Structures are given as structure tokens and as C-alpha cells.
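A.B. asks: any chance you can model this:
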Amino acid sequence: MTHNLLWEIVPQKGDGLKDSYPMFFDFNFKVDLKKLQDEYINYWEPLVKKDPYYKRDISYTPFFKRYTDQEDYHDNLLADNFIPESETGFLNDKFRQYQLFTRRPGTKGKHLWDWTYPKDSFYGTYIEELLNLFKSPVIRPRFSYARPGCNPGYHIDYDNPKRYAFRIHLPIFTNDNMIMSFENNSKIIDLHMKKGIFYFTNISFNHNIFNGGNTERIQLVFDLMSDIDFPDDQILKWLYILKLYIH
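C.D. replies: Residues are numbered from 1 along each chain as shown. All right, here's what the predicted structure looks like:
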């Protein structure tokens, strides 16, 4: 089944176009941060460190050298992000990812919606419980690591959420100098995501991350097939968000 067909059958609130959503907002979901951090340290971290790619530096296409015309890069973007023979998706020594789901049989993990099969290690975890808070189907949950100095450069992941999905973040460990920045009409809007809070980020806008702190940022990142979980007042509200955060 193609993603376009999935979009038609999964309930939606909005039209899935970039300008129908704010650059970011946080969800009012309750998260037990201590439980989440303890599970990561005692359960997930040992699994991640066993992966053969954990300490290996992987060369990759820098964000700023990727396609920028929003026309022909869609089929190439995720191929740059993944190591075909591995399900970790580690990129280099500053930014790495570890997949909690695996690929559908017969796919290469090229598209977000290929990553819909939970690994055995996922079941029975607090992270599974947290993801079950969402009504929308969840795609490709992974741990995202940004080491001090991580600064991949401004980039656009896809032209509209409808084309792929809606990006959600849940910081587990971070620092006060970890910033995600959005650019629109030459204006920069900075977001510091707090630990234990779910955030939607509209990565159809030009954006970048920068870890200006001394500690690694570790967060859960995943995508939603639908905007059904979005508060009604966060759809068609992006101009209001701009007024609040432009500096």
C-alpha cells in the first residue's frame, strides 16, 4: 500500500500541507521522566552500545549538500540517512540514530512508512506505553543522538507533512544550550525542547539543530501518519506562532 493511499484511509484533521501547521508546539501528555530516563539507562543504552555501528564513524551526505528545490530529493533523502545493511541509521560521530522498529519485509527502509515493524526489544517497555498515547499510527521510532557541537546545517526534510508524516520529539536527556531553529522569510525562530515533553516540529520549514552544550542530547523521535492527535487550535495557526517567537 502506498503512502498516498494510507493518507486517504487514516483519519486526518487538516489538509497535511506545510502552512496548515505551526512550526512547533508541545502536547499536553503526562510523561514520567524519571521512569523514562531509568529505562533508557538500564535497558536501552546497553542494547544500543552492543550495536556494531555504535562506535563507527560513517561518512554521509551533509544536509547542506542535499537537494533544496523540494522537487526531486524525496526519493534520495532517506537513502542518505540510512546505512542499507544496518537498522541503526547511525550517521557520523556527531549525529546518530538507533531504530526501535525494523523494516517491512521486502523493503530497504527508504521511506518512513517502511519502518512499521516493532523489534522484540520494544514490547513491554515504557516507550511502548508512551507511544500508545497517540491515536495515529506511529512510524519509525528511534533514539536520536546529538553530541556537543552537532550542527548539521539548515535543511528541509520534505515539502509537506502529507508527503511523508508528522515529526514528534521527546527529549530524554538534553542541556540548556540544545536548540532547534526554524527559518521562514529570513526570520529565525529558536526552540529549546524540555525533557519529558512531546513536541511536534514542522520540518517542512528550513531548520537546523545545534548542540552548544557539553553533554549529549538523547531523545526519542518518531513520526505520526496522521494529525488526529493535534489540538484543534494548533492547525492553521502558524502565523500566530511566528508573531510569538520571531526575534
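A.B. asks: rest of the way, CA atoms for contacts and neighbours
C.D. replies: Noted.
A.B. asks: for Y43, what are phi and psi?
C.D. replies: phi -120, psi -50 (degrees, to the nearest 10).
A.B. asks: for it, the count of nearby residues, please.
C.D. replies: Neighbour count for Y43, taken as other CA atoms under 10 Å: 13.
A.B. asks: per-residue confidence at it?
C.D. replies: Note on Y43: pLDDT of 98.
A.B. asks: do a quick rundown of the strands in this structure.
C.D. replies: Secondary structure of the chain (DSSP state E): strands at 24-26, 95-99, 101-102, 117-118, 138-146, 166-173, 178-184, 187-191, 199-201, 206-211, 217-224.
A.B. asks: what residues does stretch 215-230 touch?
C.D. replies: 7, 10-14, 16, 27, 112, 134-148, 164-175, 178, 211 (CA atoms under 8 Å, 6 or more residues apart in numbering).
A.B. asks: how far does that stretch stretch from start to finish?
C.D. replies: Separation of the first and last residues of stretch 215-230 by CA to CA, to the nearest Å is 31 Å.
A.B. asks: got CSV for the strands of the chain, with mean neighbour count too?
C.D. replies: Formatted as CSV, the strands of the chain follow (neighbours: other CA atoms under 10 Å):
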stretch, mean neighbour count
strand 24-26, 19
strand 95-99, 23
strand 101-102, 20
strand 117-118, 17
strand 138-146, 23
strand 166-173, 21
strand 178-184, 19
strand 187-191, 16
strand 199-201, 21
strand 206-211, 21
strand 217-224, 22
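A.B. asks: looking at those, which is closest to G153?
C.D. replies: Closest approach to G153 among the strands of the chain (CA to CA): strand 206-211, 5.5 Å.
A.B. asks: pretty sure G149 contacts N211?
C.D. replies: Yes - with contact defined as CA atoms under 8 Å, G149 and N211 form a contacting pair (5.2 Å).
A.B. asks: between the strands of the chain, which gets the lowest average pLDDT?
C.D. replies: Among the strands of the chain, strand 95-99 scores lowest, with a mean of 83.
A.B. asks: partners of that strand, with directions?
C.D. replies: strand 138-146 (antiparallel) (DSSP bridges).
A.B. asks: what sits up against the partner strand?
C.D. replies: Applying CA under 8 Å, 6+ apart, the set of residues contacting strand 138-146 from outside is 94-102, 112-113, 115-116, 131, 211, 216-225.
A.B. asks: picking up where we left off before, turn the strands of the chain into TSV, including distance to G124.
C.D. replies: As requested, the strands of the chain are exported to TSV (distance: least, CA to CA, whole Å):
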stretch	distance to G124
strand 24-26	26
strand 95-99	17
strand 101-102	14
strand 117-118	11
strand 138-146	15
strand 166-173	19
strand 178-184	30
strand 187-191	32
strand 199-201	23
strand 206-211	32
strand 217-224	17
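A.B. asks: go through the ones you listed and name the closest to H155.
C.D. replies: H155 lies closest, by CA to CA, to one member of the strands of the chain: strand 206-211, at 5.2 Å.
A.B. asks: what is the closest one packed up against?
C.D. replies: strand 178-184 (3 or more CA pairs under 8 Å, 6 or more residues apart in numbering; DSSP states H and E).
A.B. asks: now find how far off-centre the strand it packs on is within its chain.
C.D. replies: 14 Å (CA atoms, centre = their mean, to the nearest Å).
A.B. asks: now do stretch 180-189
C.D. replies: With CA atoms, centre = their mean, you get 18 Å for stretch 180-189.
A.B. asks: okay, how far is it across it, tip to tip?
C.D. replies: By CA to CA, one end of stretch 180-189 lies 8 Å from the other end.
A.B. asks: what bridges to the residue nearest the centre of the chain?
C.D. replies: Nearest to the mean C-alpha position of the chain, by CA atoms, centre = their mean, lies V221 at 4.0 Å. Beta-bridge pairing of V221 under DSSP bridges involves R142, H169.
A.B. asks: against G106, how distant is it?
C.D. replies: 24 Å.
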